[in-house]
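1. what's the 3D shape of this:
(one chain, ligands or ions: 1)
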Amino acid sequence: MKQVDIVALPGDGIGPEVTSVALDVLKTVCSKYDTELNVTELPFGGTCYEQYGDPVTDEIIDACKKSKVVLLGAVGGPQWDDLSAGKRPEAALLRLRKELGVFANLRPIKVHSALAGASTLKQEVIEGTDFLIVRELTGGVYFGQPRYTSEENGDPFSVDTMRYSRSEVQRVARVAFDAARLRGGRVCSVDKANVLESSRMWRKSIIEVAAEYPDVELSHMLVDNCAMQIIRDPKQFDVMVTGNLFGDILSDAASMLTGSLGMLPSASVGGENGLYEPVHGSAPDIAGKGVANPLAAVASAALLCRYSLQMEEAAQNIENAILKVLESGLRTADLYTKVPGTQLANTIEIAQHLLDLVSDNVVAE
Ligand code: NAD
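-> So this is what the prediction gives:
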């Protein structure tokens with residue numbers, strides 16, 4: 001049996017609830033493909049701060065680097081909101097992404113037909129939506145220096161810096177163009193080149209990379225228009241590539257196409273490393289109630305199989321199980337509307353159904 005080591009960082013709030021479902025599904029599916037998963041679970045975020053006085057330690061970062069494959073839940077919570085910037089749970093997330101060098105964040109936005117009615121948008125607008133957002137993850141305004149707060153003539157002000165270099169843009173562009181080759185062959189680059197210097201650099205760098213991919217069609221869109229187009233006509237997109245800040249905002253908006261933040265997985269890749277996490281946060285409002293939707297975490301485990309373990313069949317096995325659960329009508333509260341054929345379920349009930357399905361080896365459709 002092949003042995004695979006991964007690190008799991010369940011984190012805070014609903015993080016542990018959804019991560020444990022994802023790990024159970026992942027272990028079951030891997031064993032069917034002759035792979036034994038050795039999981040090291042470590043504290044991260046607020047829970048790590050409570051234990052060690054820091055949201056992540058050097059030892060935890062080293063363990064993640066060594067294993068190269070990390071499954072993360074979510075971090076954060078109101079009890080840690082007043083800590084200084086470096087002690088906050090979110091600081092651990094930024095450090096981990098940076099240290100692993102996972103510069104490209106892949107967020108598939110796929111509307112399952114069984115859920116088309118769960119979105120706040122009209123069914124005919126969203127049905128058939130299937131695109132991939134590739135977000136630059138380790139640069140841009142979240143990391144740019146200088147960043148500081150000062151005062152001028154008694155008036156306090158703050159500065160953040162949006163910085164992109166050509167190499168930073170081009171490496172994430174190549175991830176997007178490679179992904180487009182395996183999908184519909186179209187890349188839409190999103191920027192604010194009519195206003196921002198860093199966006200003009202972004203666009204020029206992307207155009208240079210496009211020359212290496214004559215088989216992929218490139219278009220450009222301004223971010224404000226893109227926010228509108230995602231809601232007006234999401235089916236127009238195949239692969240979208242954009243910077244850290246714009247990608248953060250657009251992907252949350254796009255999540256509503258799928259019905260809930262609880263449906264959106266993500267993969268962050270770069271070099272040999274992979275970090276897999278649901279897009280949602282720690283949802284303190286429902287933490288500990290056993291009602292969290294585990295499907296984004298489970299779908300993140302499918303991406304882990306696809307991108308880090310090169311186990312495409314296992315990935316599809318998990319994705320088909322998710323589809324079957326949705327088709328069965330079971331819904332966690334975030335997705336539930338009282339219509340015939342649907343039934344309210346808690347996290348454990350969804351988990352049990354998923355495990356039954358993956359154990360029966362769901363046939364790809
Ligand atoms: P959130 O994503 O945690 O929650 C937003 C809303 O969506 C809440 O009503 C929540 O109940 C619901 N929701 C989210 N995931 C769900 C799921 N799986 N099932 C059912 N409902 C779900 O965002 P927020 O409330 O803005 O942030 C809460 C905390 O999470 C903050 O501390 C924030 O900093 C942190 N956060 C962490 C991450 C991360 O770890 N990657 C991402 C975003 C926010």
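2. quick check: phi and psi at Glu87.
-> You called it Glu, but residue 87 is Lys. Lys87 adopts backbone torsions of phi -100, psi -10, taken as degrees, to the nearest 10.
3. and the pLDDT for it?
-> Lys87 carries a pLDDT value of 97.
4. how about the contacts made by it?
-> Tyr49, Gly53, Asp54, Pro55, Trp80 (C-beta atoms under 8 Å, 6 or more residues apart in numbering). Any C-beta I mention is one placed from the backbone N, CA and C, and that applies to glycine too.
5. let's see if you can find the most crowded of those.
-> Using other C-beta atoms under 10 Å as the neighbour test, those are led by Pro55, with 31 neighbours.
6. which secondary structure element contains the residue of the stretch 251-365 of the chain found nearest the ligand?
-> The ligand sits closest to Gly281 of the stretch 251-365 of the chain, with a gap of 2.4 Å, by C-beta to the nearest ligand atom. Using DSSP states H and E, Gly281 falls within no helix or strand.
7. surely it touches Ala74?
-> Yes - in this structure, Gly281 is within contact of Ala74 by C-beta atoms under 8 Å, at 5.1 Å.
8. what about those two, which has more around it?
-> Counted by other C-beta under 10 Å, Gly281 and Ala74 do not tie: Ala74 has more neighbours, with 32 against 19.
9. my guess is the more buried one meets Ala283, correct?
-> Yes - counting by C-beta under 8 Å, Ala74 does reach Ala283; the two are 7.3 Å apart.
10. flag every residue of the chain that's near the ligand.
-> 14, 18, 74-77, 90, 93, 261-262, 277, 280-286, 292-293, 296, 332, 334 (C-beta under 6 Å from any ligand atom).
11. can you pull out the strands in the stretch 151-300 of the chain?
-> Secondary structure of the stretch 151-300 of the chain (DSSP state E, counting those that start in this stretch): strands at 155-159, 186-191, 217-222, 239-242, 265-270, 273-278.
12. now do the second one: distance to the chain's middle.
-> Read it as strand 186-191. Centroid displacement of strand 186-191 relative to its chain, using C-alpha atoms, centre = their mean, to the nearest Å, is 18 Å.
13. and the fourth one, by the same measure?
-> Relative to its chain's centre, strand 239-242 lies at 14 Å (C-alpha atoms, centre = their mean).
14. pLDDT (mean, whole number) over it?
-> Strand 239-242 shows an average pLDDT of 98 in the prediction.
15. so what's Pro10 up against?
-> Counting by C-beta under 8 Å, 6+ apart, the residues that Pro10 touches are Pro16, Thr19, Ser20, Glu41, Phe44, Thr47, Leu72, Gly73.
16. now, of those residues, which are buried?
-> Pro16, Thr19, Ser20, Phe44, Thr47, Leu72, Gly73 (16 or more other C-beta atoms under 10 Å).
17. residues touching the residue of the stretch 1-150 of the chain found nearest the ligand, list them.
-> Nearest residue of the stretch 1-150 of the chain to the ligand: Gly76, at 2.4 Å (C-beta to the nearest ligand atom). Shown in contact with Gly76 (C-beta under 8 Å, 6+ apart): Asp12, Gly13, Gly45, Gly46, Arg88, Pro89, Glu90, Gly281, Ser282, Pro284.
18. all helices for the stretch 201-350 of the chain, in order.
-> Along the stretch 201-350 of the chain, counting by DSSP state H, counting those that start in this stretch, helices occupy 223-232, 244-255, 295-307, 312-327, 347-359.
19. show me what counts as buried in the second one.
-> Neighbour-count burial for helix 244-255, counted by 16+ other C-beta under 10 Å, picks out Asn244, Leu245, Phe246, Gly247, Asp248, Leu250, Ser251, Ala254, Ser255.
20. tell me, how many residues neighbour Leu222?
-> By the criterion of other C-beta under 10 Å, Leu222 has 17 neighbours.
21. that one pairs with what?
-> Note on Leu222: beta-bridge partners by DSSP bridges are Asp191.
22. how much space is there between it and Thr242?
-> 11 Å (C-beta to C-beta, to the nearest Å).
23. mutual contacts of these two, please.
-> Val190, Asp191.
24. show the pLDDT at Gly144.
-> On the pLDDT scale, Gly144 gets 94.
25. thinking again about what came up before, quick check on the residue of the stretch 251-365 of the chain closest to the ligand: phi, psi?
-> Dihedral pair for Gly281: phi -90, psi -160, per degrees, to the nearest 10.
26. now swap in the one 4 residues further on and tell me
-> Main-chain torsions, Asp285, degrees, to the nearest 10: phi -60, psi -20.
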